[in-house]
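Asks: Sequence first, predicted model second:
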Amino acid sequence: MPIGKSDILACVRCYNCYELLNIGKEYFAMPPLLALFAGKLVILYSMKKYIYAALLSATLFTSCGGDEPAPIPNREPEVVARTVLVYQVANQNGLAGNSTSDIREMIDGAAAGQIPADGRVLVFNRRSGNVQVLMELKKTGLDTLAMYSDALSSVSSDRMREVFHDVVEKAPAESYGLILWGHGSGWMQDGKERAPKRRSYGGDNLTEWMNMTTLASTLAAGPGFDFVYFDCCYMAGVEVAYELAPVAPYIAFSAMEIAAEGMPYHRTLGHFFEPMPQGVVNAASTTVDYYRKWKEAGRLPEYSLPNFTDRYCTMSVVDSRRVDALAEATARIYEVAPDHSPADMEPQPFGRFSYAKLYFDFGKYVSDLCLTPEGAERFDGASAKLDTFKAAMDDCVLYNGYMDYVFGGATPIKSCSGLTTYIPENADALDLYNYTTLSWYSDIASKLTFK
């Protein structure tokens, strides 16, 4: 029986042939033009319009012996124990090649058996020159599950919610994990989803970012994540932890820049299927050890580029359920500290260049509000309140791994509590990047005294 136009279009819309890009060429090195000849099907794709054409062999135009083909059953996907989504934003932002390298690492990890039988790994990828695509990681490579138009940015809340919906529909699970991959700038935001400068998470085309408050509301609309792991720079702020505490019980992130090579997925992938929180702690500690051992050995690690120099790493994991207690202990200090920035205070920076005054070690800052460098109390009861704060930090920060220097190698790390914070230079600096729109400011930081 001949195949009609509607049959061809139905086949094209399922996009199951997209994974054939793996054959013969590097998957993501292929331009957005698919040509599958061999007498079967040709799909031509351009970024502005779709053109469908079919080249069908004689065996496809006629049935065998006049029999109708048996219909393919529509099977419901099996519910597994955990599905992990890696959400990659790598469009025109300097990370396209790194997204390819990390996918290679994931494939190697899958081939080594790091994905259990009751687990699945899905990768959403938005890479320069390619369509937005949702794929499943298999031992043999990648299977395409869905493709998306460019009508929405990959960091728009609507697109992210759409991807979450497809993940639940195509890979249902008893629990879900999320790895956010791309650029990051922590608490910074401007109240828009599209911004001309770097804000919070994403960096699609380096012009479109998702604010932290928007990310929080978007994740809250997701399937409910057991953990969120940021493979991004500067996300380990107490402001970020406080904003995201309601959406995931465990959050992993870095206090400073991370290398473009990011997490070594070929070594960490299996940890995300371990019981939580130990699984995400193991992934974070494996990442820090990876960079630490490279530095000690003085040789390039796997999958690295020749310019792999001055790579330093910090990673921490927090228990979101303990963030409120930490906030309460902080508030008790902020409301009585005589000055938000004592003259003899020497904060530990984790940012550099234009970010140099945006991220400071949180634990040291609170300690400096309570005690002088000589250990004298700055206000009555400061030592007791600081002890309460430190106990809350110990309960909240499950893992805190770091190396000797801030990324770049110029600034030594003398204090690292696992969380950073913004220290405004004065009251006017509170409005920098709309800091006052954050929940941490309205609930906690607004209690600080400015002189």
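Replies: Alright, I've got the coordinates.
Asks: low-confidence ranges in the stretch 1-150 of the chain?
Replies: For the stretch 1-150 of the chain, residues meeting the criterion pLDDT under 70 lie at 1-74, 91-94, 128-129.
Asks: and Gly363, what element?
Replies: Per DSSP states H and E: Gly363 is located in helix 362-370.
Asks: Parallel or antiparallel, list what pairs with the longest strand belonging to the chain.
Replies: Of all segments of type strand in the chain, defined using DSSP state E, the longest is strand 80-90. When pairing is defined by DSSP bridges, strand 80-90 lines up against strand 119-127 (parallel), strand 173-181 (parallel).
Asks: who touches the nearest residue to Thr214 once chain neighbours are set aside in this structure?
Replies: Among residues not flanking Thr214 along the chain, Ser157 sits closest, at 5.6 Å (CB to CB, 6 or more residues apart in numbering). In this view, the C-beta of every residue, glycine as well, is placed from N, C-alpha and C. When contacts are counted by CB atoms under 8 Å, 6 or more residues apart in numbering, Ser157 touches Glu193, Met210, Thr214, Ser217, Thr218.
Asks: at 10 Å what do you get?
Replies: Ser157 makes contact with Glu193, Met210, Asn211, Thr214, Leu215, Ser217, Thr218, Leu219, Ala221, according to CB atoms under 10 Å, 6 or more residues apart in numbering.
Asks: Just the residues you listed: which are in helices?
Replies: Of the contacts of Ser157, the ones assigned to helices by DSSP state H are Thr214, Leu215, Ser217, Thr218, Leu219.
Asks: circling back to that earlier point, I'd like to know which elements the helix holding Gly363 is packed against.
Replies: Applying 3 or more CB pairs under 10 Å, 6 or more residues apart in numbering; DSSP states H and E, one finds that helix 362-370 contacts helix 238-244, helix 323-334, strand 360-361, helix 382-396, strand 397-402, strand 420-421.
Asks: any idea which of the ones you listed is most buried?
Replies: Of all the helices and strands packed on helix 362-370, strand 420-421 has the most neighbours on average by mean count of other CB atoms under 10 Å, namely a mean of 30.
Asks: residues in contact with that one?
Replies: Strand 420-421 is contacted by residues 186-187, 234-241, 253-256, 314, 316, 330, 347-351, 358-366, 440, 444-445 when judged by CB under 10 Å, 6+ apart.
Asks: downstream neighbour of it in the secondary structure list?
Replies: Per DSSP H and E, the first helix or strand lying C-terminal to strand 420-421 is helix 439-443.
Asks: Any chance you could list what contacts that following helix?
Replies: Contacts for helix 439-443 (CB under 10 Å, 6+ apart): 187, 212-213, 216, 237-246, 323-324, 327-328, 330-331, 421-422, 424, 430, 434-436, 445-448.
Asks: Grab the CA positions of the helix holding Gly363 and hand them over as CSV.
Replies: C-alpha atoms of helix 362-370 as CSV (Å, rounded to 0.1, in the frame of the first residue of the first chain):
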residue,chain,number,x,y,z
PHE,A,362,29.3,34.0,54.1
GLY,A,363,30.7,32.2,57.2
LYS,A,364,33.6,34.7,57.6
TYR,A,365,31.4,37.7,57.0
VAL,A,366,29.0,36.7,59.8
SER,A,367,32.0,36.0,62.1
ASP,A,368,33.5,39.4,61.3
LEU,A,369,30.2,41.0,62.2
CYS,A,370,30.4,39.4,65.6
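Asks: and the spatially closest residue to Asp310 that is not a sequence neighbour, what does it touch?
Replies: Distances taken as CB to CB, 6+ apart place Gly409 nearest to Asp310, at 4.1 Å, with adjacent residues excluded. Residues counted as contacts of Gly409 (CB under 10 Å, 6+ apart) are Lys295, Thr309, Asp310, Arg311, Tyr312, Met403.
Asks: Show me the helices in the protein, by range?
Replies: Assignment of helices within the chain using DSSP H yields the ranges 5-14, 58-61, 96-111, 157-170, 212-220, 238-244, 265-268, 278-297, 323-334, 362-370, 382-396, 439-443.
Asks: who's Val84 bridged to?
Replies: Judged by DSSP bridges, the bridge partners of Val84 are Val121, Gly177.
Asks: how deep is it tucked in, by neighbour count?
Replies: Neighbourhood size, Val84 [other CB atoms under 10 Å]: 26.
Asks: do the same with Ser217
Replies: By the criterion of other CB under 10 Å, Ser217 has 14 neighbours.
Asks: Quick check, central residue of the protein?
Replies: Leu180 (1.6 Å; CA atoms, centre = their mean).
Asks: ok, it - contacts?
Replies: Neighbouring residues of Leu180 by CB under 10 Å, 6+ apart: 85-89, 160, 201-202, 210, 215, 219, 228-232, 235, 253.
Asks: mind redoing it with 7 Å?
Replies: Tyr87, Tyr201, Val228, Phe230, Asp231, Cys232 (CB atoms under 7 Å, 6 or more residues apart in numbering).
Asks: any idea how far the residue lying closest to the fourth one once chain neighbours are set aside lies from Ala284?
Replies: By that I understand Phe230. Leaving aside its sequence neighbours, Phe230 sits nearest to Phe253 (CB to CB, 6+ apart; 4.1 Å). Applying CB to CB, to the nearest Å, the value for Phe253 to Ala284 is 9 Å.
Asks: Between those two, point out the one with more neighbours.
Replies: The neighbour count for Phe253 versus Ala284, taken as other CB under 10 Å, is higher for Phe253 (30 against 27).
Asks: distance of that one from Trp181?
Replies: 12 Å.
Asks: Domains in the chain, by residue range?
Replies: Following automatic domain parsing, one gets these domains for the chain: 5-61, 80-321, 324-397+413-447.
Asks: deepest of those, which one?
Replies: Highest mean neighbour count among these (mean count of other CB under 10 Å): domain 80-321, with a mean of 21.
Asks: ends of it, how far apart?
Replies: Separation of the first and last residues of domain 80-321 by CA to CA, to the nearest Å is 26 Å.
Asks: How far does it sit from its chain's centre?
Replies: In this view, domain 80-321 has its centroid 3 Å away from the chain centroid, taken as CA atoms, centre = their mean, to the nearest Å.
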